[in-house]
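Visitor: Below is the structure, and that's it, no one-letter string:
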């Protein structure tokens, strides 16, 4: 039998719960922080990243050495990697977020009730936002910046692969808050890599207002299944590019090759990279060869259906037979499935069946086909004649993102500061009673 003293010790010795309490307390001050204070802290953070860049890169190098020693896949190492250019991108993102309008205090609706009470619905912070993520040091700064802009406190739990990088970036964020006169407890980073701390964070009802998982399908589903606090589900990206039969001109085919190569190979380890290529069977003999050659030249492993394999063999391009699992797989690597479809209806049905609701693209010269695809494909971001790689908070002008939401409630697509708010009704009366 566990004694009451033992139970109390277990509770007080939890890093996750202790830091959740600190963040919860700090959130009260953050609700009152002015826009100028919040923007000042963002600007200070950008400067501190610049002045601390050597230290940050040394910490990141420790993570990289450990990752390579553990034979982590190259796409995951790419996610983990920090460079001077990526630090510059962090700084630019912070300044871009600082320049944005205030997401708080926005009047969504308002009118005077029949009884004379003046009512307004305004945007307010969520409170405490917890983010669980994997080998992505940049998420530390993105999460801090967007939570700060929206007046929230945040609790960060990064993956063990990035622990040195995330830890130092979190300290920089805390320094920025302190220098701006805001509570540094508004950013908490959980150092422990023990899974029990993750479980405690998922169960911190009353301390955490929303929990956001960002990472692999396994991580996301684990959080969604076990969390006792509200969650926003970020996206696994089984993204498709569909080549429509209307692609006929040399320029259009050349553009199609460029888009497919970009969508698959520019950064294969991210969630907006394309994993599947669909093509109308009637034009596959003309469209597939140049696309497959370009992918093979970039060391992309190809799997496909029988028709795609036949075309690949005629071009001396290696392709293995795909199975049912391939159509639903997010490879996050230099691998792509290829499927020939009868028409646009079959392409849309295939995407809606196997896709994850993240980002989907059609390449076509037929306006009506594009409109049909944009209307009927069920995803957070749907493109006509562009790469799926643009689904990103920075590219969408949001300055950064907490993640790409593939759910339909509260937030969908890249979500940033505005999505980290809720609303409340403010009512002003003159003594009315009911």
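Guide: It's in. This one's a predicted model, so the numbers in the text were calculated from it and none came from an experiment.

Visitor: quick check, residue 427 in a strand?
Guide: Yes. According to DSSP: H, G, I helix; E, B strand; the rest coil, the state of residue 427 is that of a strand.

Visitor: Could I get the contacting residues of it?
Guide: Residues counted as contacts of residue 427 (CB atoms under 8 Å, 6 or more residues apart in numbering) are 117-120. Just so you know, the C-beta spots here come from the backbone N, C-alpha and C atoms, and that holds for glycine as well.

Visitor: Going by distance to residue 111, which of these wins?
Guide: Taking CB to CB as the measure, residue 111 lies nearest residue 119 of those, at 6.3 Å.

Visitor: Now that closest one, what are its backbone angles?
Guide: When quoted as degrees, to the nearest 10, the phi and psi of residue 119 stand at phi -120, psi 130.

Visitor: Hmm, it is touching residue 113, no?
Guide: Yes. Using CB atoms under 8 Å, residue 119 is in contact with residue 113, at 5.8 Å.

Visitor: higher neighbour count, these two?
Guide: Neighbours per residue (other CB atoms under 10 Å) separate residue 119 from residue 113, with residue 119 holding more: 14 against 11.

Visitor: so who does the more buried one touch?
Guide: Contacts of residue 119 by CB under 8 Å, 6+ apart are 110-113, 425-427.

Visitor: per-residue pLDDT, the residue lying closest to residue 363 once chain neighbours are set aside?
Guide: In this structure, residue 363 finds its nearest non-sequential neighbour in residue 256, 4.7 Å apart by CB to CB, 6 or more residues apart in numbering. As predicted, residue 256 sits at a pLDDT of 96.

Visitor: give me the element residue 256 is part of.
Guide: For residue 256, the host element (DSSP states H and E) is helix 250-265.

Visitor: What of residue 20?
Guide: helix 15-30.

Visitor: Tell me the first helix or strand C-terminal of that helix.
Guide: helix 35-51.

Visitor: which outside residues touch that following helix?
Guide: Here helix 35-51 makes contact (CB under 8 Å, 6+ apart) with 56, 87, 90-91, 94-95, 97-98, 102, 104, 141, 144-145, 148-149, 151, 169, 172-173, 175-177, 179-182.

Visitor: What subset of those is buried?
Guide: 56, 87, 90-91, 94-95, 97-98, 102, 104, 141, 144-145, 148-149, 151, 169, 172-173, 175-177, 180, 182 (16 or more other CB atoms under 10 Å).

Visitor: got TSV for the contacts of residue 427, with secondary structure, pLDDT and distance to residue 188 too?
Guide: Supplementary listing: these in TSV, determined by DSSP: H, G, I helix; E, B strand; the rest coil; pLDDT from 0 to 100; distance: CB to CB, whole Å:
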residue	secondary structure	pLDDT	distance to residue 188
117	coil	96	39
118	strand	97	38
119	strand	97	36
120	strand	97	32
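
Visitor: Closest to residue 342 out of the residues you listed?
Guide: Of all these, residue 342 sits closest to residue 120, with 53.7 Å by CB to CB.

Visitor: tell me the contacts of that closest one?
Guide: Contacts of residue 120 by CB under 8 Å, 6+ apart are 107, 109-110, 425-427.

Visitor: Could you do residue 342 as well?
Guide: Residue 342 touches 280-281, counting by CB under 8 Å, 6+ apart.

Visitor: Over to residue 387?
Guide: 241, 259, 262-263, 266, 274, 361.

Visitor: again, but for residue 15
Guide: Contact partners of residue 15, counting by CB under 8 Å, 6+ apart, are 190-192, 197.

Visitor: quick check, distance from the host helix or strand of residue 91 to the centre of its chain.
Guide: For residue 91, the enclosing helix or strand under DSSP H and E is helix 84-99. On the basis of CA atoms, centre = their mean, to the nearest Å, helix 84-99 is displaced by 17 Å from the centre of the chain it belongs to.

Visitor: which residues touch that helix?
Guide: 39, 42-43, 45-46, 49-50, 53, 56-57, 138, 141-142, 145-146, 149, 394, 399-400, 416-417.

Visitor: Same question for stretch 408-421.
Guide: 97, 100, 103-104, 106, 123-126, 129, 146-147, 149-152, 232, 380-381, 391-393, 396, 398-406.

Visitor: swap the cut-off to 7 Å and go again
Guide: 97, 103-104, 123-126, 129, 146-147, 149-150, 152, 232, 380-381, 391-393, 396, 398-405 (CB atoms under 7 Å, 6 or more residues apart in numbering).

Visitor: just the buried members of these?
Guide: Here the buried ones among the contacts of stretch 408-421, as counted with 16+ other CB under 10 Å, turn out to be 97, 103-104, 123-126, 129, 146-147, 149-150, 152, 232, 380-381, 391-393, 398-405.

Visitor: mind listing what residue 368 touches?
Guide: Contacts of residue 368 by CB under 7 Å, 6+ apart: none found.

Visitor: what kind of secondary structure is residue 200 in?
Guide: When classified by three-state DSSP, residue 200 comes out as helix.

Visitor: Going forward, the N-terminal residue is numbered 507.
Guide: Yep, numbering from 507; the last one is residue 706 now.

Visitor: close enough to count as contact, it and residue 520?
Guide: Yes. Counting by CB atoms under 7 Å, residue 706 touches residue 520, with 5.0 Å between them.

Visitor: how about the strands of the stretch 757-906 of the chain, start to end?
Guide: For the stretch 757-906 of the chain, strands defined by DSSP state E, counting those that start in this stretch occupy the ranges 780-786, 807-810, 826-827, 841-847, 865-869, 887-890.

Visitor: Compile these into CSV and extend it with columns for mean pLDDT and distance to residue 937.
Guide: Formatted as CSV, the strands of the stretch 757-906 of the chain follow (pLDDT from 0 to 100; distance: least, CB to CB, whole Å):
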stretch, mean pLDDT, distance to residue 937
strand 780-786, 98, 62
strand 807-810, 98, 72
strand 826-827, 97, 77
strand 841-847, 98, 68
strand 865-869, 98, 54
strand 887-890, 97, 50
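
Visitor: Out of these, which is the most enclosed?
Guide: Most buried of the strands of the stretch 757-906 of the chain, by mean neighbour count (mean count of other CB atoms under 10 Å): strand 865-869, with a mean of 30.

Visitor: Among the buried ones among the contacts of stretch 914-927, which are located in helices?
Guide: 603, 652-653, 655 (DSSP state H).

Visitor: Looking at these, which two lie furthest apart in space?
Guide: Maximum distance among these (CB to CB): 10.6 Å, for 603 and 653.

Visitor: Out of the contacts of residue 893, which comes closest to residue 524?
Guide: Closest approach to residue 524 among the contacts of residue 893 (CB to CB): residue 772, at 41.4 Å.

Visitor: Contact partners for that closest one?
Guide: Taking CB under 7 Å, 6+ apart as the contact definition, residue 772 lies against residue 895.

Visitor: pLDDT weak spots in this protein?
Guide: For the chain, residues meeting the criterion pLDDT under 70 lie at 507-518.
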